[in-house]
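Trainee: Turn this into a model:
(4 chains)
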4 protein chains.
Amino acid sequence: MLGSGFIGRFYANSLQGYRSMDKIVSIYSRREESSRKFADDYAVGFSTTDMEAAIDRPDVEVVCIALPNNLHEEAVMLCCKHKKAVITTKPLGRNGAEALRMLLAVEKAGIFNGYLEDLVYTPKFIKAHESVNNGALGRILWAKSRETHPGPHSNWFWDLEQAGGGCILDLGCHCVEITRSYIGKDIKPIEVMCWADTVVKPIDAEDNAIGLVKYENGAIGQFEVSWTFRGGLDLRDEVMGTEGTIWINSFLRTGFEMFTTGKSAEYVAEKAESNSGWLFPVGDELNELGYNHMFMDMFNSMEKGTAPKETFYDGYVVNAVLDAAYKSAKTKLWEPVNLEIWRGKTGISKDQHLLEFDADHYLIKEEVTHYGAKKLILKNKTTGKIFEREIQ
Amino acid sequence: MLGSGFIGRFYANSLQGYRSMDKIVSIYSRREESSRKFADDYAVGFSTTDMEAAIDRPDVEVVCIALPNNLHEEAVMLCCKHKKAVITTKPLGRNGAEALRMLLAVEKAGIFNGYLEDLVYTPKFIKAHESVNNGALGRILWAKSRETHPGPHSNWFWDLEQAGGGCILDLGCHCVEITRSYIGKDIKPIEVMCWADTVVKPIDAEDNAIGLVKYENGAIGQFEVSWTFRGGLDLRDEVMGTEGTIWINSFLRTGFEMFTTGKSAEYVAEKAESNSGWLFPVGDELNELGYNHMFMDMFNSMEKGTAPKETFYDGYVVNAVLDAAYKSAKTKLWEPVNLEIWRGKTGISKDQHLLEFDADHYLIKEEVTHYGAKKLILKNKTTGKIFEREIQ
Amino acid sequence: MLGSGFIGRFYANSLQGYRSMDKIVSIYSRREESSRKFADDYAVGFSTTDMEAAIDRPDVEVVCIALPNNLHEEAVMLCCKHKKAVITTKPLGRNGAEALRMLLAVEKAGIFNGYLEDLVYTPKFIKAHESVNNGALGRILWAKSRETHPGPHSNWFWDLEQAGGGCILDLGCHCVEITRSYIGKDIKPIEVMCWADTVVKPIDAEDNAIGLVKYENGAIGQFEVSWTFRGGLDLRDEVMGTEGTIWINSFLRTGFEMFTTGKSAEYVAEKAESNSGWLFPVGDELNELGYNHMFMDMFNSMEKGTAPKETFYDGYVVNAVLDAAYKSAKTKLWEPVNLEIWRGKTGISKDQHLLEFDADHYLIKEEVTHYGAKKLILKNKTTGKIFEREIQ
Amino acid sequence: MLGSGFIGRFYANSLQGYRSMDKIVSIYSRREESSRKFADDYAVGFSTTDMEAAIDRPDVEVVCIALPNNLHEEAVMLCCKHKKAVITTKPLGRNGAEALRMLLAVEKAGIFNGYLEDLVYTPKFIKAHESVNNGALGRILWAKSRETHPGPHSNWFWDLEQAGGGCILDLGCHCVEITRSYIGKDIKPIEVMCWADTVVKPIDAEDNAIGLVKYENGAIGQFEVSWTFRGGLDLRDEVMGTEGTIWINSFLRTGFEMFTTGKSAEYVAEKAESNSGWLFPVGDELNELGYNHMFMDMFNSMEKGTAPKETFYDGYVVNAVLDAAYKSAKTKLWEPVNLEIWRGKTGISKDQHLLEFDADHYLIKEEVTHYGAKKLILKNKTTGKIFEREIQ
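Mentor: Numbering: from 1, shown residues only, chains lettered A, B, ... in the order given. Presented below is the predicted three-dimensional model:
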């Protein structure tokens, strides 16, 4: 494990949770005190402030990177050097160029690589994604993911140099991969329009942003991200298809509601803002946030010798989309997504929207009236005239 | 009442509902059968297919326009001619130019004019808006309104010539006025970015769109509209401020849930798609959709000789914003909002985002750690360095 | 209007709300200051501390009683004396004997009488009740109503002598009439089991209670009431039938959610306990709580010369059920409901529960298996043996 | 594993799920075909139709009983004979006498014993229970658990002889242990009032029931169970304390909502009744229903040599409470809970409800008025008089 901060601890809780056969054997942190504390808390045999030493040990089978964004590349390169399987927290890089170098490096080294995008491993996402794949929603038109909260816990996130960006990079990377998964990971993201601004925090990076990602088949992926949301961690997805819709609330409204006058103060949930009044805790954060299923997929895949659901390639695609978002926020134009490597479909055309009713007409709508008749709204193919027709 | 269709009947139900002192005395419809039926159903003394005849009657104090968009201007001009107070369904015009002509005409004629934007009169909106005005959310950063459903009931909506547009005009007009109200009706909308597409229906107008409206103070108004949503009438607003957030669900989730095997089939709610399984009816549609409070404001204002909350001027501003949206959807650029008439503030600058902590530092974040200490994230004003400081 | 307290003001807001043609012309209060303030606030022409003087005025068409429970009978008798139509807040009496005397008096006097049980007039209830009547839920098996909050506002409620009881009488009267309406107002309530206790407040009356009311057809009405609930006003109903279920949340979860850090403090909603954190206001309390539809029914009925949905007779039935509940809470037995007057059906037998499958079998259950087959669980009529049968 | 039916498979999915180090090594089923299929599906080395053979194998460390209720005792006795640790599905016995024999047997044999009450291991319950223990709700007054669905899947449940009861035994056992845990497992259940009836199904056992369990400290545990609920699996808990409340929805409303026209039919969730319209799937059933945390506690406890959270003793207490419920349903009286073995506190008195304000007064209520003053409702200790006092 590289990194002993907030996310490293979340990972460790999941990795060694339940009746797990997996074990952390080596921990690296930039600060000795921190690595030693982590080693104590999780019964880790070896702790160090030397990154390479943490990696280059015979009992290390896979390296898990839980470091600030600006240290990912260095860590990945060391894994390549020592031929260790590597899994990395999100985002993969601070930008597409970094991500591409890491992707090329791990593939050249021939090592197992996994991209730790936990939010496409939440139980709700997995179930919803299955339904989408089974066609329950028909053709997917639009997928939105929203992640907003009152801002990250550690100082490095707020520093543009270390983080590489603000809430777009920190939170948008989740949203892009979630919506891309619903739309289809083999469908090419074409261009991005993004609004971003710094409206509350005294920082150089953006603290609020909204983006639209257009895919080759005409579908739209949308992200809404903020570091200034008040009320907790708001994590919601919506998908809209021709045959249905899905609404997921992953954190603030999960069927658990508590009111307390606050006579007992306690930890409620990640990024909760209060411990009195109406509170909305989550039962099992590790599971609800996808960590358990994510590591299960990573390690099962590694053992089977297959690729996990999320690889560095996916991390690279996400970074490329976010690069376009950042550029768009500046130029105020729809900016193309530059993908030097693309392994999905190409040349997909926009889906058809002309639903034939009969030889002469398209069907616009069919509905049942108040008094029980069926009403059709039709369009004449030749004249373009739109009219209603009632049938019993 | 001009118009006897779906919306005219909704209006009539509200106007003559509760223990009302108001009464419809004259009904115009393009089809005689329709006007007669309306007259019967609502005990209206005079019915006609001659619009001017319907207006020019001594007992008519105010004319309510519930006609297709392309007939609004003609109706308004007749009201001006006969000096009758006029209230018009939304949108005011098919575009800003039409709206402007109507605005200038009613003001020149000196007649009372009301814009029937019911969704800023819903009980939830009124209450939420009060809270926003009282500062419960702090400075408003973002307001979103979403209205999506499976498409309108009447054929004229689908015809670009009569309607003047697709779901942007039909539904976006609600969203723009809702979000504008939260942000502040005296804050100028500056520019619009809009994506729109026709992805499901065989029509010329757009059936899905998303838009961002930037206001002079930096706030963003967002609309999401669709005529191809499956699942009923989805009517939700969200507002985000520096001190809080509001989530409103006006129709599909209002605390009323019913499961039925469907052995009894019945009317559930406007645009509901099913009458078995889990259903989500609304108790009192007229009230939930704002009609009662809207007409109350209109008539009370008229009697008091004041302007109602929503006038033709507001309808004009909405049309101007939507014009920019349509243009942006074509040019793919942020398009300026052209407002020949603007009666709000001007020259507002973007709100400040530098929160001072002490003479040398800005405050980025303050939070309570797991172990109960208070953690500050600060930024040095001179060096820009971001660091953490813990205090007891 | 008799009474100028909390409920009197709620009534007045509703009576003179919207575009109403109704007007309060006379106000009685026990305290002069209070009656004068009410007269000012609602533009009432006549105010007095003499109850009879308030009633016996030519312009008074109907008397609305909004007084503490122990004053209802006196007020009703004065209405009888002066032949004034009368509508009374809930509960009708402090017990069945009082209620019966009032019922007999108004019927003898031949005056219009209405029982102001607002919660069977809420828009949600009305809609749900229609669905139940239309058969959407099949045969009704169970109906529950829950009303709990942190306790009433005025001191007289807490005084056993004036109020006649605690939360059973104050809140249970709502619940009994709600559940009775779902089950069928013509179905006789037979016996009651009730638990009641004083567990938090230093009072003689009960502050928490749960009751089960058995009806002649075997259906169960359930009430859950409390004056010690923390979190606001919890108002929920559930109905369970052979073909479906209904869940109604009338107050705390109605599709309106707000988070605020509390920098602005304001009134949120009736019995809300906080003005920061997550709050759940109601858009339009008067409408959500049924006042508008209640007065509409009362006055429309009066004008048409028909009985309103809720009359003194209903108030009497409710009091009789609550008498049995109080007795049961003491004896710990199922206590019979003593109804000297019963105007519904009698001799109804329990509904049949033997669903025939074929000549030899009853059908217990039918379900679709994971692999798509249909599985039946049947019972042999003769042997009683229960077995599974799969059919394609 | 003894038993290869619905619940056995649920257990197996959990036991061998995630990155588990646990493994099923032997499977017994009454039907050979069934045991072989189970062995195939879960890669179990040994399958048999001889219960003792399944148990008496050297590699079996713990026996998991997933059999119909009438076979629990036989299986437990075999585990005692062969000194195998044993964990048993719920309910422990068909009645208190059976449960007591099993409890005495395992304790005499000195074997590890666990009671598989999964619903006190759901992530939501665990978190809620912690909050209750930390005092977030103050003193617990009332805890309710509701489990209703359209009826069990296997025929033996419907047979009174094999099952030992109807929905009280099948579902009430969950509810009793859940509510008992919130109230405190060391607080003695004293007496039970229960209504039960067979209102829909052609069976001898009850298909609907409601029960109240009174505890020695005055707290009330409530259960609502049904095999005839329409709409899916309704699993809700509510807890009410002097300082707060908790509402948990474990299955039908967990932040996952899907609408589908049903063009794709698929498995949605346990006991879901439809695959079109609005559906409410659960992300990860095994985790949401508590299986993962339950087995983790069982095996971790076994390895540490401690008792798990739920033992046969708990199963016995539950059976004793349910015996009283069954008796009460027949006698219509509050029936005492007969506990031959009780290991919790005894002689607890009812909690105090007299909150002192000052030497002369009790405090009934304190609230903030509309106009910002603080209002107290006080009771004079001597005279009993209740009055209001306003303070700034």
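
Trainee: For the residue nearest to residue A:46 when sequence neighbours are not counted, list the residues it contacts.
Mentor: Counting by Cβ to Cβ, 6 or more residues apart in numbering or on different chains, residue A:46 lies nearest to residue A:26, which is 4.4 Å off, once chain neighbours are set aside. In this view, the C-beta of every residue, glycine as well, is placed from N, C-alpha and C. Contacts for residue A:26 (Cβ atoms under 8 Å, 6 or more residues apart in numbering or on different chains) come out as A:1, A:44, A:45, A:46, A:47, A:48, A:54, A:55, A:57, A:59, A:60.

Trainee: Tell me which of the residues you listed fall in strands.
Mentor: Counting by DSSP state E, the part of those found in strands is A:46, A:47, A:48.

Trainee: Please identify which of the residues you listed is nearest to residue C:378.
Mentor: residue A:46 (64.7 Å; Cβ to Cβ).

Trainee: just checking, the closest one touches residue A:54?
Mentor: Yes. If you go by Cβ atoms under 8 Å, residue A:46 and residue A:54 touch, sitting 7.3 Å apart.

Trainee: Could you name every residue contacting both of those two?
Mentor: Common contacts of residue A:46 and residue A:54 (Cβ under 8 Å, 6+ apart): A:26, A:27.

Trainee: Of these two, which one has the most company?
Mentor: residue A:54 (23 against 16; other Cβ atoms under 10 Å in any protein chain shown).

Trainee: Leaving out sequence neighbours, find the closest residue to the more buried one.
Mentor: residue A:28 (3.5 Å).

Trainee: Run a quick neighbour tally on the one you found.
Mentor: Residues within reach of residue A:28, counting by other Cβ under 10 Å, total 27.

Trainee: likewise residue A:84?
Mentor: Counted with other Cβ under 10 Å, residue A:84 comes out at 18.

Trainee: Would you confirm that it contacts residue A:57?
Mentor: No. Counting by Cβ under 8 Å, residue A:84 stays clear of residue A:57, with 9.2 Å between them.

Trainee: do the lengthiest helix in chain A and chain B meet?
Mentor: Ranked by residue count and defined by DSSP state H, the top helix of chain A is helix A:312-331. No. Interface with chain B: helix A:312-331 contributes nothing (Cβ under 8 Å from any Cβ of the partner chain), its closest point being 9.7 Å away.

Trainee: Would you mind checking the average pLDDT for that helix?
Mentor: Mean pLDDT, computed over helix A:312-331, is 98.

Trainee: ok, now stretch A:291-304?
Mentor: Confidence over stretch A:291-304 (mean pLDDT, whole number) is 95.

Trainee: now it, how far from the chain's geometric center?
Mentor: Distance, stretch centre to chain centre, for stretch A:291-304: 17 Å (Cα atoms, centre = their mean, to the nearest Å).

Trainee: Any idea how many residues pack against the closest residue to chain B within the stretch 1-150 of chain A?
Mentor: Using Cβ to the nearest Cβ, the closest approach of the stretch 1-150 of chain A to chain B is made by residue A:141 at 5.5 Å. Neighbour count for residue A:141, taken as other Cβ under 10 Å: 25.

Trainee: now the angle from the helix or strand where it lies to strand B:140-148?
Mentor: Residue A:141 belongs to strand A:140-148 when assigned by DSSP states H and E. Interaxial angle, strand A:140-148 versus strand B:140-148 (axes from the mean of the first three to the mean of the last three Cα atoms, to 10 degrees): 150 degrees.

Trainee: what's in contact with the helix or strand containing residue A:299?
Mentor: Secondary-structure assignment from DSSP H and E places residue A:299 in helix A:291-304. Helix A:291-304 is contacted by residues A:10-11, A:13-15, A:17-18, A:22, A:61-62, A:85, A:87, A:112, A:114, A:116-118, A:121-123, A:126, A:286-287, A:307-310, D:18-19, D:284 when judged by Cβ under 8 Å, 6+ apart.

Trainee: follow-up on the earlier one: and the longest helix of chain A, which residues are buried?
Mentor: Residues A:312-329 are the ones in helix A:312-331 that count as buried (16 or more other Cβ atoms under 10 Å in any protein chain shown).
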